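Asker: Give the three-dimensional model of this entry:
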Amino acid sequence: CTSCPATDSPATDSRTSSGRNGTGSLRRAAYRGYTERSRNTPNTNKIKHTMSYYDMILRYDWETTRRAIYAKNDADVERALAAERPTMDDFAALVSPAADKYLGEMASKSYATTRRRFGNVMQLYVPLYLANICQNHCVYCGFNCTNKIHRAILTPDEIHEECRAIKKDPFQHILLVTGEAPRSSSVQYMADSMEIVKQYFQQISLEVQPLETDEYRLLMDHGLHSVYVYQETYNRERYPVYHLRGRKADYRYRLETPDRLCEAGVYKVGVGNLIGLEDWRTEAFFTALHVRYLENRYWRTKYSIAFPRLRPYYGEDGFNPEHPTTERNLLQLICAYRLLSEDVELSISTRESAACRDTVMPFGVTVMSAGSKTTPGGYAHPIDELEQWAVNDSRTPAEVFDAVRAKGFEPVWKDWSLFMQEANIPA
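Answerer: Residues are numbered from 1 along each chain as shown. As a prediction, the model looks like this:
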């Protein structure tokens, strides 16, 4: 991707320590001083066990699975709803078209299961975008390397400025996000950024390029709490249609990232698919299968599922999804995941509207973002052109807090499960 304006060369865009020029627009200068080992170095972090989720998913045929889901009937759904320990076949019934008429019963059971396991707690977090430089050409993403937008990577001074702006609200859990650019957004850059961020926040999560096991361990020494990595689509044959070039084009390497995270001992791992790329029911089946595999293989790790639906982004090459989903579909998804696993966290972001988030909130959701900006420097100096995707719930953190309280829940600003673990209280 060396010809793309977003490539990760030393002379590519970012910002000076001031981050602004005389006209108030972002400057484009390189943030230097960070390197990491060559990606040609032999991988010494092979998955320790003999089988990964990649090996498991090879046993399944996408189209056969899709047809099986769409063939489920009322009896299958009723059996799934009655199951004390739902199987993957039960989950297939719960995400099938036949389950739509049972959505009220699913929501009621999901509500009760969530309250029993999580009480009335709703975690709130905020994303902080450190960089939008990316080497990948993903057709659905505003950061893709062919999209003609200004590129930026925050300097230490700018990271401090963003943290101070965010801390006007009492967030304690922050998600650091970058594009996938190993030379500029290197492991060392992440580590140094985390050293700054942990001066302001108690819990730090990452959503960055997939790394090696020893690199995750290094970042744990700098305060890493959780990592979120989304497969985007589990459809192996269609994956190259959406990921044209860059390291993200390696389906297997990305798919095995949660294995490396768990091998490293990261506290919580988040997975999910980008809703809208492929048939959402089939994607949900393989996402759920992934979580079940992880729960069985790495039982000490906590897990989270997110529901990113495709949103518009700034640029010339906007992407129109071929498999759109409705808010009713989203609610069905949330309930199905909750009925399959009472322990998994379910997270809903500001991709969804305020009305939608308020509606689905009681029925399985345990984590919500608030006041999100999807641009580097977006809290101190909002600039829409740099955003990864358009925010749909523009409420302030205080307004989201009040909305959660209005639903009868208790919003908290950090990960309650880790707090309970630190206090030696069974979660």
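Asker: Quick one: residues contacting residue 231.
Answerer: 254-255, 271-273, 287, 290 (Cβ atoms under 8 Å, 6 or more residues apart in numbering). (Glycine included, C-beta is placed from N, CA and C.)
Asker: can you give me the strands in this structure?
Answerer: In the chain, strands defined by DSSP state E lie at 121-129, 137-138, 173-177, 203-207, 224-228, 243-245, 268-271, 302-306, 345-348, 367-369, 410-412, listed in chain order.
Asker: on that earlier part again, save the contacts of residue 231 as a markdown table, and put in pLDDT and neighbour count too.
Answerer: Listed next are these as a markdown table, based on pLDDT from 0 to 100; neighbours: other Cβ atoms under 10 Å:
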| residue | pLDDT | neighbour count |
| --- | --- | --- |
| 254 | 98 | 21 |
| 255 | 98 | 23 |
| 271 | 98 | 23 |
| 272 | 96 | 23 |
| 273 | 96 | 24 |
| 287 | 98 | 24 |
| 290 | 98 | 22 |
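Asker: what's the most distant pair in those?
Answerer: Taking Cβ to Cβ as the measure, those span a maximum distance of 13.6 Å, between 254 and 287.
Asker: Out of the strands of the chain, flag the one nearest residue 320.
Answerer: strand 137-138 (14.7 Å).
Asker: Partner strands of that closest one and their direction?
Answerer: strand 243-245 (antiparallel) (DSSP bridges).
Asker: what residues does the partner strand touch?
Answerer: With contact meaning Cβ under 8 Å, 6+ apart, strand 243-245 is reached by 1, 136-139, 145, 232, 249, 251.
Asker: any idea which residue sits dead centre in the chain?
Answerer: residue 228 (4.7 Å; Cα atoms, centre = their mean).
Asker: does the spatially closest residue to it that is not a sequence neighbour have beta-bridge partners, and which?
Answerer: The spatially closest residue to residue 228, leaving aside those adjacent along the chain, is residue 270, at 3.4 Å (Cβ to Cβ, 6 or more residues apart in numbering). Per DSSP bridges, the residues bridged to residue 270 are residue 228, residue 304.
Asker: unless I'm mixing things up, residue 270 is touching residue 257, no?
Answerer: No - using Cβ atoms under 8 Å, residue 270 is not in contact with residue 257; the gap is 10.9 Å.
Asker: Now for these two: what residues contact both?
Answerer: In contact with both residue 270 and residue 257: residue 229, using Cβ under 8 Å, 6+ apart.
Asker: ok so, going back, filter the contacts of strand 243-245 down to just the ones in helices.
Answerer: If you go by DSSP state H, those have residue 251 in helices.
Asker: Nearest to residue 187, out of the contacts of strand 243-245: which one, please.
Answerer: For the contacts of strand 243-245, the minimum distance to residue 187 (Cβ to Cβ) is 17.6 Å, reached by residue 136.
Asker: Let me see the contact set for the nearest residue to the closest one once chain neighbours are set aside.
Answerer: Nearest residue to residue 136 in three dimensions, chain neighbours excluded: residue 246, at 3.2 Å (Cβ to Cβ, 6+ apart). Residues near residue 246 by Cβ under 8 Å, 6+ apart: 1, 134-138, 145, 180.
Asker: Using TSV, lay out the residues you listed together with neighbour count, pLDDT and distance to residue 238.
Answerer: Formatted as TSV, these follow (neighbours: other Cβ atoms under 10 Å; pLDDT from 0 to 100; distance: Cβ to Cβ, whole Å):
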residue	neighbour count	pLDDT	distance to residue 238
1	19	43	21
134	29	93	21
135	26	92	22
136	23	92	17
137	21	92	16
138	23	91	13
145	26	85	21
180	22	92	20
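Asker: want to throw these into TSV with distance to residue 350?
Answerer: Listed next are these as TSV, based on distance: Cβ to Cβ, whole Å:
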residue	distance to residue 350
1	29
134	21
135	26
136	23
137	26
138	20
145	25
180	22
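Asker: Nearest to residue 396, out of those residues: which one, please.
Answerer: Scanning these for proximity to residue 396, where the rule is Cβ to Cβ, the winner is residue 134, at 28.8 Å.
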